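K.L.:
how does the following fold in three dimensions:
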Amino acid sequence: MQLPNEQKFTTTYEGRELSFIVSDAAGQANASVIGTYGETSVLVTAVMGKEDRDVDFFPLTVDYEERFYAAGKVLGSRFVRREGRPSDFAILSGRLIDRTIRPLFDQRLRREVQVVVTILSYDEENDPDFIALLTTSLALSISDIPWDGPVAGVRVLKNNGDRILNPTNSQAEDALEKDGALDAFFAGTKNRVNMIEMAGNEAQEDEAHKVFDAATEGITTLIAEQEKIIKKIGKTKADVTLVQLDPKMEEEVKAFAPKFEKALFCGDAQKSEAMMEEAKNELFERLEAAEIDTKGVGLIMDDVINEIVHRHGIEKEERVDGRSMDTIRDIYCETGLFKRLHGSAYFSRGKTQSLAVTTLAPPGSEQLVETMEHTIKRRFMLHYNFPPYSTGETGRMGSPKRREIGHGALAAKALRPVIPSQNEFPYTVRVVSEILSSNGSSSMASVCTGTLSLMDAGVPIKKPVAGIAMGLMTWQGVDRKRTEDDFKILTDIQGPEDHYGDMDFKVAGTVDGITAIQMDVKIEGITKDIFTAALKGAKKARMQLLEKITAELSSPRKNISPFAPMIITMSINPDQIGEVIGSGGKVINGIIERFGLDTIDIEEDGSVFIAGSDRKNVESAAEYVKELTREYHVGDVVEGPVIKLMEFGAIVDLGGGKDGMVHVSEVNNDYVRDIKDVLKIGEVVRAKVVRAENGRIALSMKALNPATPSDKNKHDRRDVTTHKGHEPQHKHHDK
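P.N.:
This is a model prediction of the structure:
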């Protein structure tokens with residue numbers, strides 16, 4: 001590949017070539033870079049608007065665009081063969097990049113910044129997230145957009161005692177199936193970690209500490225490579241005006257700091273809200289009287305309150321609601337809320353409330369996921385809903401937003417290691433968490449209530465899982481230029497601590513280990529000491545939560561709900577799948593209709609799942625399929641009604657649409673002149689299989705009643721007579 005005015009920078013990382021191309025391609029952007037790792041390539045563009053927006057936040061957007069052509073696929077609906085709404089995987093990848101780069105922008109910037117990541121080529125071995133984040137960092141760093149990077153991210157896989165940096169997809173496949181394994185992505189600057197995503201199968205805290213060290217070492221190496229490129233081609237950062245506020249207004253707002261402080265730490269939540277509202281009203285009246293424009297007053301108030309909350313936390317270990325730093329809010333649990341639901345639970349921690357519902361369905365209800373990277377079936381799903389009323393507000397209802405997708409994915413990641421395999425529990429399982437009220441860490445509440453609803457539904461999860469959110473207070477959260485090392489870890493952060501705090505560190509797991517970690521920060525990042533302290537506090541809190549959960553429901557219910565479908569699992573020879581399905585689905589649809597079933601699902605390996613609401617019908621259908629696919633062997637004893645009589649024998653119904661023939665000579669040990677003399681239509685007979693070839697089954701009734709010596713002599717004499725006097729009949733008999 002050779003692009004106009006191309007500059008290529010190449011190195012090797014973890015045994016694979018890592019390269020960046022800067023050229024005139026997408027040259028109207030503030031910066032554009034094509035990054036390649038292995039044979040996975042991404043184009044990242046960074047653009048900054050030319051004018052400030054009239055908003056009270058920094059307008060940053062990160063768009064992660066999967067392209068089906070990157071993996072050599074033509075997907076989409078049958079009538080629209082193009083990419084549509086981003087997949088959940090793409091949204092999560094975009095959030096990973098956003099959460100890493102956002103803390104390094106000055107939040108007073110009001111120019112819109114948009115980063116677009118387009119996946120150009122995917123080799124199916126190298127995860128695009130790694131090269132996408134790295135290329136984003138380089139594009140922002142060489143651009144004129146004000147930003148305090150660079151950053152880098154590294155994936156670390158720990159399995160069987162080995163730690164692998166940037167594993168290939170083949171190395172990572174099924175790695176989390178092993179006890180103690182973990183798969184983590186750490187990102188940050190050369191001094192601090194500012195973003196963590198980790199999935200674990202009851203991983204240990206000590207192992208997470210080692211992974212932290214391995215990741216930070218890799219991050220430092222990658223940033224050093226970027227710095228070489230930035231030094232050669234980096235642009236001077238644009239001199240962009242930041243939010244400018246009236247000094248007189250700042251002075252007036254700061255004068256109200258004592259009133260805000262008194263309101264925040266009065267010790268009563270309702271009284272605090274009333275006092276804070278009264279102080280704000282008084283402030284606005286004072287500003288209006290002094291003819292000071294109130295635009296931007298909220299930003300100054302945030303800064304003032306932020307400093308108050310930090311000072312009380314760091315210097316006095318005081319929290320807004322009066323709790324000690326390691327105390328969890330009051331917990332309440334309840335299960336079995338609605339009779340007709342397969343499983344339901346309510347969980348509250350302080351004012352954060354979640355209602356979770358578990359629904360069981362046949363295997364055919366799995367979700368089919370088709371993306372650039374994956375074509376998979378998902379039999380365990382967790383969906384998270386965050387309606388506006390949960391924060392006492394009005395708003396638009398509709399499809400899930402990025403935040404809802406992210407929180408749902410985190411809760412699902414936390415619970416997935418304890419979900420039983422399909423062999424153990426052949427159901428598709430869907431959990432929905434409805435956030436009824438939110439005041440800090442609703443995603444971790446969803447883990448707790450999800451555990452309870454799964455157990456209430458009778459899903460035999462391996463162990464209960466609980467989750468907690470840890471917070472952080474540092475002086476860098478007040479002023480980035482401050483260098484003090486003081487920090488305080490907060491257990492179970494609520495609204496003000498989430499809003500004004502420096503870290504949201506969520507940890508979920510069982511009594512034996514970690515199943516998920518997610519971390520975001522508002523400062524540059526955290527050190528190893530902060531990481532260690534947060535994990536220690538999270539483990540203590542997790543054990544307390546698990547005690548509360550198991551006090552409500554100690555283990556999964558022994559039986560599933562009577563309103564859930566019953567499923568019988570059986571196996572057939574894969575060569576017989578066609579027999580069960582039939583031409584155009586005629587046989588399988590007939591079975592479903594005949595027995596009033598919900599579904600019959602058949603896997604390629606011959607696994608059959610028969611589901612229905614009536615136990616007796618499901619059992620009868622299973623018996624029918626068993627007979628339909630039964631393979632008969634010489635010596636088998638069978639039983640069935642006679643369904644047809646012919647001159648040379650009788651046809652016996654063997655069930656499952658199969659039949660066998662008893663030749664007239666195989667009925668009994670006596671000579672049979674007319675089959676109708678010894679058998680009747682509908683008569684049930686027992687017989688032994690004497691031949692089974694090409695789907696034809698020959699039966700013998702007399703094989704079950706061997707001839708006595710006297711019977712044999714009679715038979716021999718009769719045969720001679722018959723041969724002489726009834727030759728036509730004897731010839732027919734020989735046939």
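K.L.:
let me know the secondary structure of the residue lying closest to residue 385 once chain neighbours are set aside.
P.N.:
Of all residues not flanking residue 385 in the chain, residue 434 sits nearest, at 5.2 Å (CB to CB, 6 or more residues apart in numbering). Where C-beta positions appear, they are placed from N, C-alpha and C, glycine not excepted. Assigned by DSSP: H, G, I helix; E, B strand; the rest coil, the conformation of residue 434 is strand.
K.L.:
quick check: can you list the domain ranges of the chain?
P.N.:
7-233, 247-316, 331-552, 566-628, 637-734 (automatic domain parsing).
K.L.:
so residue 563 touches residue 344, yeah?
P.N.:
No: the pair residue 563 / residue 344 is not scored as a contact, 11.6 Å apart, by CB atoms under 8 Å.
K.L.:
looking at those two, which is more packed in?
P.N.:
residue 344 (23 against 12; other CB atoms under 10 Å).
K.L.:
how about that one, secondary structure?
P.N.:
strand.
K.L.:
got a pLDDT number for it?
P.N.:
At residue 344, the pLDDT value in this model is 98.
K.L.:
for the one 4 residues further on, same thing?
P.N.:
Here the pLDDT value assigned to residue 348 is 97.
K.L.:
how about it, nearest residue that isn't a chain neighbour?
P.N.:
Nearest non-adjacent residue to residue 348, counting by CB to CB, 6+ apart: residue 332, 4.7 Å away.
K.L.:
mind checking the SS state of the one you found?
P.N.:
Secondary structure, three-state DSSP: residue 332 is strand.
K.L.:
next one: residue 222
P.N.:
Judged by three-state DSSP, the three-state class of residue 222 is helix.
K.L.:
right, and residue 369 touches residue 381 too?
P.N.:
No: applying CB under 8 Å as the test, residue 369 and residue 381 come out as separate, 10.1 Å apart.
K.L.:
could you dump stretch 589-603 to PDB, C-alpha only?
P.N.:
Only the C-alpha atoms of stretch 589-603 are listed here, as PDB (Å, rounded to 0.1, in the frame of the first residue of the first chain):
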ATOM      1  CA  ASN A 589     -44.000 -29.900  12.400                       C
ATOM      2  CA  GLY A 590     -46.400 -32.900  12.600                       C
ATOM      3  CA  ILE A 591     -44.900 -34.000  15.900                       C
ATOM      4  CA  ILE A 592     -45.200 -30.400  17.300                       C
ATOM      5  CA  GLU A 593     -48.800 -30.200  16.300                       C
ATOM      6  CA  ARG A 594     -49.800 -33.700  17.400                       C
ATOM      7  CA  PHE A 595     -48.400 -33.300  20.900                       C
ATOM      8  CA  GLY A 596     -49.100 -29.600  21.400                       C
ATOM      9  CA  LEU A 597     -45.400 -28.600  21.800                       C
ATOM     10  CA  ASP A 598     -43.700 -25.200  21.800                       C
ATOM     11  CA  THR A 599     -40.700 -26.300  19.800                       C
ATOM     12  CA  ILE A 600     -38.400 -29.100  18.900                       C
ATOM     13  CA  ASP A 601     -34.800 -27.900  18.400                       C
ATOM     14  CA  ILE A 602     -32.100 -30.100  16.900                       C
ATOM     15  CA  GLU A 603     -28.400 -29.400  16.900                       C
END
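K.L.:
how far does it sit from the chain's center?
P.N.:
Taking CA atoms, centre = their mean, to the nearest Å, one finds the center of stretch 589-603 at 30 Å from the center of the full chain.
K.L.:
repeat that for stretch 267-285.
P.N.:
Remark: stretch 267-285 is offset 42 Å from the chain centroid, using CA atoms, centre = their mean.
K.L.:
name the surrounding residues that touch it.
P.N.:
Outside stretch 267-285, the residues that touch it by CB atoms under 8 Å, 6 or more residues apart in numbering are 252-253, 256, 259-260, 262-266, 294, 297, 301, 320-322.
K.L.:
list buried members of those by neighbour count.
P.N.:
252-253, 256, 259-260, 263-266, 297, 301, 320-321 (16 or more other CB atoms under 10 Å).
K.L.:
closest one of those residues to residue 541?
P.N.:
Checking those against residue 541 by CB to CB gives residue 321 as the nearest, at 15.8 Å.
K.L.:
tell me how far the residue nearest to residue 385 lies from residue 177.
P.N.:
In this view, residue 434 and residue 177 are 31 Å apart by CB to CB, to the nearest Å.
K.L.:
and the strand ranked longest in the chain, what's its mean pLDDT?
P.N.:
What stands out as the longest strand in the chain, according to DSSP state E, is strand 40-52. For strand 40-52, the mean pLDDT works out to 97.
K.L.:
which elements pack onto it?
P.N.:
strand 31-37, strand 111-121, helix 128-142 (3 or more CB pairs under 8 Å, 6 or more residues apart in numbering; DSSP states H and E).
K.L.:
now the element after that strand, going C-ward?
P.N.:
Downstream of strand 40-52, the first helix or strand assigned by DSSP states H and E is strand 60-65.
K.L.:
could you check the angle strand 40-52 makes with that next one?
P.N.:
Angle, strand 60-65 to strand 40-52, by axes from the mean of the first three to the mean of the last three CA atoms, to 10 degrees: 150 degrees.
K.L.:
tell me what the following helix or strand past strand 60-65 is packed against?
P.N.:
For strand 60-65, the succeeding helix or strand toward the C-terminus, using DSSP H and E, is helix 88-101. Helices and strands touching helix 88-101, by 3+ CB pairs under 8 Å, 6+ apart, are strand 60-65, strand 111-121, helix 128-142, strand 182-188, strand 193-203, helix 402-415.
K.L.:
point out the most buried one among those.
P.N.:
helix 128-142 (a mean of 27; mean count of other CB atoms under 10 Å).
K.L.:
and that helix, what does it pack onto?
P.N.:
With contacts defined as 3+ CB pairs under 8 Å, 6+ apart, the packing partners of helix 128-142 are strand 16-22, strand 31-37, strand 40-52, helix 88-101, strand 111-121, strand 152-159, helix 205-233.
K.L.:
sorry, back to before: relative to residue 406, how far out is the residue nearest to residue 385?
P.N.:
From residue 434 to residue 406 the distance is 17 Å (CB to CB).
K.L.:
residue 706 now?
P.N.:
Separation of residue 706 from residue 406 (CB to CB) stands at 75 Å.
K.L.:
same question for residue 657.
P.N.:
Taking CB to CB, one finds residue 657 at 51 Å from residue 406.
K.L.:
would you map the strands across the stretch 551-700 of the chain?
P.N.:
566-571, 599-602, 607-612, 637-646, 649-655, 658-663, 684-693, 696-700 (DSSP state E, counting those that start in this stretch).
K.L.:
give me the angle between the fifth one and strand 684-693.
P.N.:
Interaxial angle, strand 649-655 versus strand 684-693 (the same axes, to 10 degrees): 90 degrees.
K.L.:
and strand 649-655 with strand 658-663, angle?
P.N.:
Here strand 649-655 runs at an angle of 160 degrees relative to strand 658-663 (the same axes, to 10 degrees).
K.L.:
show the pLDDT at residue 101.
P.N.:
Note for residue 101: predicted pLDDT of 98.
K.L.:
burial check on it, number of neighbours?
P.N.:
25.
K.L.:
where does pLDDT dip in the chain?
P.N.:
For the chain, the stretches with pLDDT under 70 are 707-735.
K.L.:
repeat that with 50
P.N.:
709-735 (pLDDT under 50).
K.L.:
re earlier: residue 397 is nearest to which of the helices and strands packed on strand 40-52?
P.N.:
That would be strand 111-121 among the helices and strands packed on strand 40-52, by CB to CB, at 27.0 Å.
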